[in-house]
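Colleague: Pasting a predicted model and its sequence here:
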Amino acid sequence: MSRLDRVAYRVCWSLIWLVAKIWFRFRVVGKDRLPTDGAYILSPVHRSYLDTPIGGMVTARRLRFLGKESLWNSRLGGGFLTLLGGFPVERGRVDRAALRSCQEVLERGEPVVMFPEGTRRYGPIVSPAEMHAGPAFVALRAGVPIVPLGIAGTDHAMPGGSPFIRPTKVVMVVGEPIHPPILDKRVSRRVVDEVTEELRGAIQLAFDKAQLIAGRSALQSPSGDDL
């Protein structure tokens, strides 16, 4: 980024941080576990559309994230997304293009956000069946750590299908970074699966702790009904 872009990003990030702090009273636990420099993959649990902007508040460093290429059709909107860390992926080639783009960004020393559950899920369990291998594969290829992130409260602030954002307390817990093994040869499926399962367990621990601190029952739905 140019110096002007860095200043603009810091101003935008600070404004978003202030609004989020007032509206969600968010708290970050374990922030010191985040690498202070160099590349890494931040892997949050995914329960709400708010997870990307709120998760980005865990650090003032610019986090890079994927976006569909169509979001860049507007010059103004695309420029704003790029400033905030977004980078486009061609629609129809999302899987391959996304992994390649993420690896390239990491190799430039920038942190990347990758949701291992792929899309928004529901409930307190991070299911093995819903885990994607992308973060583990890219981490192994790029030789970077993966940082699990539990986020509690965003699903209550903006439940699936709701156009409204409620002023709900949000807690984020940064888990212990996972350092994938350094491989001399090609990345095998077995190693990818092992790292993916380790990541799933780490995200579950961080998610459980975040819910506990936020005062959310692990058996309570966003509507407040028992599951």
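Modeller: Good, I have the coordinates. Computed from a predicted model, the values in this text were never measured in an experiment. Residues are numbered from 1 along each chain as shown.

Colleague: Determine the longest helix present in the chain.
Modeller: helix 189-214 (DSSP state H).

Colleague: where's K169 relative to L4, distance?
Modeller: 36 Å (CB to CB, to the nearest Å). In short, each C-beta sits where N, CA and C put it, glycine included.

Colleague: What residues of the longest helix of the chain count as buried?
Modeller: Neighbour-count burial for helix 189-214, counted by 16 or more other CB atoms under 10 Å, picks out 191-192, 195-196, 199-200, 202-211, 213-214.

Colleague: what distance separates that helix from the centre of its chain?
Modeller: Distance of helix 189-214 from the chain centroid (CA atoms, centre = their mean, to the nearest Å) equals 13 Å.

Colleague: Could you list every helix and strand that that helix packs against?
Modeller: strand 27-29, strand 41-44, helix 134-142, strand 146-152, strand 171-174 (3 or more CB pairs under 8 Å, 6 or more residues apart in numbering; DSSP states H and E).

Colleague: to the chain's geometric centre, what's the distance from the third one?
Modeller: Average the C-alpha atoms of helix 134-142, do the same for its chain, and the two points are 15 Å apart (CA atoms, centre = their mean).

Colleague: Residues contacting that helix, please?
Modeller: Contact with helix 134-142 is made by 39, 41, 43, 95, 98-99, 102-103, 106-107, 112, 114, 116, 145-146, 178, 180-181, 183, 187, 191-193, 195-196, 199, as judged by CB atoms under 8 Å, 6 or more residues apart in numbering.

Colleague: Compare K169 and L4 (neighbour count), which wins?
Modeller: K169 (16 against 8; other CB atoms under 10 Å).

Colleague: Could I get the contacting residues of that one?
Modeller: K169 neighbours (CB under 8 Å, 6+ apart): F24, R25, F26, R27, G153, A214, G215.

Colleague: Go through those and say which is closest to V58.
Modeller: Closest approach to V58 among the contacts of K169 (CB to CB): F26, at 9.3 Å.

Colleague: All set now, cheers.
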